[in-house]
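Asks: Curious how this folds, go ahead:
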Amino acid sequence: MRAFLDPAVRLARWAERHGLDPAAEPERAARDLGMSRAGVRDHWSRARLAGLIEPAEPGDALPPGSTGPHPVLAGAVRAGWRLRAWDSDDSAVLRGWVALFDGWSLVRPAPDDADPIAVTEVVGAVPQLLSVMHLSDGPVTAEGLCDLLLQRVAELRAERPDAEGDPRPVPEEEVGELTRLLGWALDALSAVGALTLHAGGDLPVRARLTPLGGWAVWTRLEQICLAAQSPAGHIEQSAVAMLRACADLTPGPARDEYRAWLAARTTGPAVAELLEAARGEDALIRGHAFEALRVVGAPARAAVRAAVDEPVLRPYALLWLAEQEDGGSADAAAEPMIVLTRREATWLWVDTASAVHDHSPGRLLIDHLEHAPTPSIPELLEDIRSCGHPRTVQVLLALAAAHPEPPAARRIRRAAFQLHTGGTAAIPARRGEGTG
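Replies: Below you'll find the model as predicted:
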């Protein structure tokens, strides 16, 4: 496996040394590494798909002796976690190849003149074709693969919301295009090392899984079987529906559901769907989405890092990244002020308080008050006024209604009223109101 990806690793390390995307200077990269320009292009695509390299961010230090642009400029790159762990961690190598396998349709793009809908159908049919090849444990003929493809495409079309009745045979005039795209798919899977083709041309005569490809398909089948045994059975639901269902579970069973849901999906789209769920209005879903991303781990790092610039995700993303960089330590989650600014920590507290208010008894909101960034109610109210959370007024009103001490409750209620009416002055304490 290392040998298969060795050219991509060499190119990624060249890019790391220079802090530069080799696409910006393909001739220089080709000369330094003894590759052709086409080889640089192909292996760079593999390096990116395998997660060996990622875009640099403002604040990244340039590599010693780098001749590339400053990281704030376009085209700057840095080593991904898999490249940094490549020589010492076999799991990094394995994850890199699996990521490449999952992205097979990007390694060798479909023909420019191909029908996009047909391309989508072929990509959707490939997992079943690979499963049949795995179960056959030997070469599969082109004719057999064509029959399987047409059958699966008919099934996929029958599953559409606008479909009527049982699967119908693919029209004869579409068979040629689907057959051509099958040849493209087999070539692309061969390019990532998953298949061996026994003939060339537009369509191979026979194809069989390589040992590595067979292992990947077996792993996927095993994951799906395990996912099907998920105790709550949410693997076919959207991320939002799955996360909402997990809100009623304790942490252990919830993690089992996350794993089952993730096992039935490729990592990239699953991470994107979890982040999209986290962007919604429900703070409880947001919290569970990042718990699910903790199950994903390092492969989600680039997507979570990109989410740092979104205000609604920023505190969660910063804590997630801090935990990842600290080897999964719980310190960041337990003490947000280690990682977050005071304003960010206050925003996070209000967000989690809104989840408690929406989904739990009022007394739990008082318990949540004990975990506020500051123990002083006057200071907390001042911080809340400036944190910018859209649910601030609702949270304060709920907190005032639940607070057992009338003076503190009045102070909190007055702060909510002032925020609601657009007041910005400090909130004075009246006689008899506590400050703790």
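Asks: May I ask which helix or strand encompasses the closest residue to Ser238 other than its chain neighbours?
Replies: Of all residues not flanking Ser238 in the chain, Glu273 sits nearest, at 7.3 Å (C-beta to C-beta, 6 or more residues apart in numbering). Quick note: C-beta positions are derived from backbone N, CA and C, even for glycine. Secondary structure assignment for Glu273, by DSSP states H and E: helix 267-278.
Asks: With just CA atoms, put that helix into CSV.
Replies: This file holds the C-alpha atoms of helix 267-278, laid out as CSV (Å, rounded to 0.1, in the frame of the first residue of the first chain):
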residue,chain,number,x,y,z
THR,A,267,-16.5,9.9,5.4
GLY,A,268,-16.5,13.1,3.4
PRO,A,269,-20.3,13.4,2.7
ALA,A,270,-21.1,12.2,6.3
VAL,A,271,-19.0,14.9,7.8
ALA,A,272,-20.5,17.5,5.5
GLU,A,273,-24.0,16.4,6.5
LEU,A,274,-23.2,16.5,10.2
LEU,A,275,-21.8,20.1,9.9
GLU,A,276,-24.9,21.1,7.9
ALA,A,277,-27.0,19.7,10.7
ALA,A,278,-25.0,21.7,13.2
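Asks: quick revisit: so who does the residue nearest to Ser238 touch?
Replies: Contacts here follow C-beta atoms under 8 Å, 6 or more residues apart in numbering; on that basis Glu273 touches Ser238, Ala239, Arg265.
Asks: show me what contacts the spatially most central residue of the chain?
Replies: Residue closest to the mean C-alpha point of the chain, counted by C-alpha atoms, centre = their mean, is Val271 at 2.1 Å. Residues near Val271 by C-beta under 8 Å, 6+ apart: Leu293, Val296, Pro299, Ala300, Ala303, Val304.
Asks: number of nearby residues for the first one?
Replies: Other residues within reach of Leu293, judged by other C-beta atoms under 10 Å, total 26.
Asks: check contacts around it.
Replies: Leu293 is in contact with Val271, Leu274, Leu275, Ala300, Val304, Trp320, counting by C-beta under 8 Å, 6+ apart.
Asks: Now a PyMOL select for only the buried ones of the contacts of Glu273.
Replies: Buried members of these, defined by 16 or more other C-beta atoms under 10 Å, are picked up in PyMOL with:
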select buried, resi 239+265
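Asks: Among the contacts of Glu273, which one sits closest to Ala23?
Replies: Within the contacts of Glu273, the smallest distance to Ala23 is 29.9 Å, found for Arg265 (C-beta to C-beta).
Asks: Name all residues that make contact with the closest one.
Replies: Glu273.
Asks: hang on, it in a strand?
Replies: No. According to DSSP: H, G, I helix; E, B strand; the rest coil, Arg265 belongs to no strand; its state is coil.
Asks: Offset the numbering so it begins at 26, please.
Replies: With the count now opening at 26, the last piece we talked about shows up as Arg290.
Asks: any idea how the protein splits into domains?
Replies: Here the domain assignment for the chain is 27-123, 132-242, 254-363, 382-445, based on automatic domain parsing.
Asks: got CSV for those, with distance to Thr371 and mean pLDDT too?
Replies: Shown next, in CSV, are the domains of the chain (distance: least, C-beta to C-beta, whole Å; pLDDT from 0 to 100):
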stretch, distance to Thr371, mean pLDDT
domain 27-123, 24, 80
domain 132-242, 44, 87
domain 254-363, 9, 84
domain 382-445, 4, 80
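Asks: closest to Asp376 out of those domains?
Replies: When the domains of the chain are compared by C-beta to C-beta, domain 254-363 sits nearest Asp376, at 4.6 Å.
Asks: so who does Ser116 touch?
Replies: Ala110.
Asks: Quick check: which element contains it?
Replies: Using DSSP H and E, Ser116 falls in helix 115-127.
Asks: Return the helix or strand just after that helix as CSV; C-alpha atoms alone will do.
Replies: Using DSSP H and E, the helix or strand that follows helix 115-127 towards the C-terminus is helix 129-132. Taking C-alpha atoms only, helix 129-132 is exported to CSV below (Å, rounded to 0.1, in the frame of the first residue of the first chain):
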residue,chain,number,x,y,z
TRP,A,129,-12.3,6.9,-7.2
SER,A,130,-14.6,8.9,-9.4
LEU,A,131,-12.4,12.0,-8.9
VAL,A,132,-9.1,10.3,-9.6
